[in-house]
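Student: got a predicted model here, sequence first, then my questions.
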Amino acid sequence: MKTTAFLSALVALAAVGSAAPAPVHNVFPVGATCSNPLQRKEWRQLTSSEKTSFYNAVKCLHNPITKPAQLGHIAPGVRTRFEDFIAEHQRQTATVHYVAHFFAWHRLFLSRFEQELRQCGYNAALPYWDYTIDTANLLGSPVLADFGGDGAFDPNADRAFGAMGGGCITSGPFSQAGGFRNISLGENTNTGYAPHCLTRNVKNLVGQVWLNPGREAEAVAKPTWEEFAVTLEGGMIWDTLGMHSGGHFGVSGTVGDMYTSPADPLFYLHHANLDRIWAKWQKQSPANLFAVGGSIKPRIQDLNPPNVPDIQMTSWFPINLGVLAGIEGYTTVGRLLDTKGTVPAGHLVTGSLCYEYV
Ligand SMILES: [Cu+2]
């Protein structure tokens with residue numbers, strides 16, 4: 001019943017929205033087709049002017065004058081639009097991780113962020129970080145270097161897995177010296193005002209074990225959607241980290257905070273890479289493209305999620321970004337399966353995405 005009501009709402013919205021001009025970007029109106037998908041490239045494939053434009057767009061989003069926060073009623077600590085995204089991720093952390101809809105939710109989240117970047121003068125697509133190229137020495141990654149490298153040495157930070165940083169990043173576009181404002185929103189579950197810098201504590205050993213090309217190949221070779229999804233997302237303990245948790249833990253610091261990891265712009269490049277690997281798995285067959293299933297109840301209870309029923313995710317399962325992204329933040333798993341906008345049979349509306357990985 002709930003799904004039906006949700007669908008009628010979508011259809012009603014579609015009728016209302018049909019007179020609006022067709023937006024380009026990565027999103028297109030119900031009934032349209034995706035004819036010119038944004039090309040998401042590896043960071044190293046961007047031109048230097050595209051890189052500069054990316055930095056400037058992130059800074060534009062993280063500016064209380066040009067892009068003031070809109071989610072202050074939900075998270076009193078936010079001051080900028082960039083922080084709205086952190087707050088929405090923080091708000092939903094307990095119910096969108098270690099669940100079947102983990103990949104769909106983050107796909108939508110990234111797509112909205114990509115659109116916001118493009119409203120701040122960035123004309124390319126969201127880039128990704130293919131760290132399998134850098135796995136021998138994550139600390140030496142040119143992508144990491146462009147984003148400011150490791151954090152400064154902090155004598156109190158943990159030294160596990162080869163970590164040598166832990167403090168604020170001190171160079172690059174997202175350091176204070178580079179003109180990046182402090183993050184106003186608190187860390188972890190703190191939704192209040194608690195300004196802090198971006199920190200990193202890169203753990204080379206995690207990169208070597210969990211971010212190597214074999215890990216990607218292993219995930220892509222999984223025959224079923226659920227095996228693929230659990231392998232790539234991974235868990236919270238060393239033996240099951242997977243590439244998702246391995247990326248967060250391998251860089252650590254701000255991006256290692258389960259709740260507020262989107263505070264580090266590297267979050268978006270890491271998740272775009274995971275999204276690319278999902279799309280690669282999906283491309284192997286039409287069945288893979290529209291594969292769904294797995295429980296919506298978190299398989300790890302460490303985040304104290306509310307009591308979610310143990311039911312299977314279908315393509316009708318609703319995905320939302322709360323008040324972060326308006327109508328386009330309310331969709332279904334089925335509309336997020338194909339990055340180029342086709343939907344499973346039976347869906348009455350088209351997909352909501354228009355991009356591809358190159
Ligand atoms: Cu997340």
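Tutor: That came through fine.

Student: remind me which residues of the chain are low pLDDT?
Tutor: Applying pLDDT under 70 to the chain flags the ranges 1-32.

Student: tell me where it has strands.
Tutor: Secondary structure of the chain (DSSP state E): strands located at 38-40, 183-185, 193-196, 318-320, 330-332, 355-357.

Student: ranking those by burial, who's on top?
Tutor: strand 183-185 (a mean of 25; mean count of other CB atoms under 10 Å). Every C-beta, even on glycine, is put in place using the N, C-alpha and C of the backbone.

Student: what's the closest of the strands of the chain to residue 240?
Tutor: Nearest of those to residue 240, taken as CB to CB: strand 318-320 at 24.8 Å.

Student: list of residues touching that closest one?
Tutor: Strand 318-320 has contacts (CB atoms under 8 Å, 6 or more residues apart in numbering) with 3, 6, 101, 104-105, 108, 329-333, 336.

Student: neighbouring strands - and their directions - for that strand?
Tutor: Using DSSP bridges, the strands paired with strand 318-320 are strand 330-332 (antiparallel).

Student: and the partner strand, how far out from the chain middle?
Tutor: 16 Å (CA atoms, centre = their mean, to the nearest Å).

Student: same question for stretch 253-264.
Tutor: The answer for stretch 253-264 is 11 Å, by CA atoms, centre = their mean.

Student: now stretch 192-201
Tutor: That offset, for stretch 192-201, works out to 19 Å (CA atoms, centre = their mean).

Student: and if you look at stretch 208-217?
Tutor: Distance, stretch centre to chain centre, for stretch 208-217: 20 Å (CA atoms, centre = their mean).

Student: residue 259 contacts residue 185, doesn't it?
Tutor: No: Residue 259 is not in contact with residue 185 according to CB atoms under 8 Å; the separation is 9.9 Å.

Student: tally of neighbours for residue 259?
Tutor: Using other CB atoms under 10 Å, residue 259 has 23 neighbouring residues.

Student: re the thing from before, want to throw the strands of the chain into TSV with distance to residue 126?
Tutor: TSV is the format used below for these (distance: least, CB to CB, whole Å):
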stretch	distance to residue 126
strand 38-40	6
strand 183-185	20
strand 193-196	25
strand 318-320	18
strand 330-332	18
strand 355-357	8
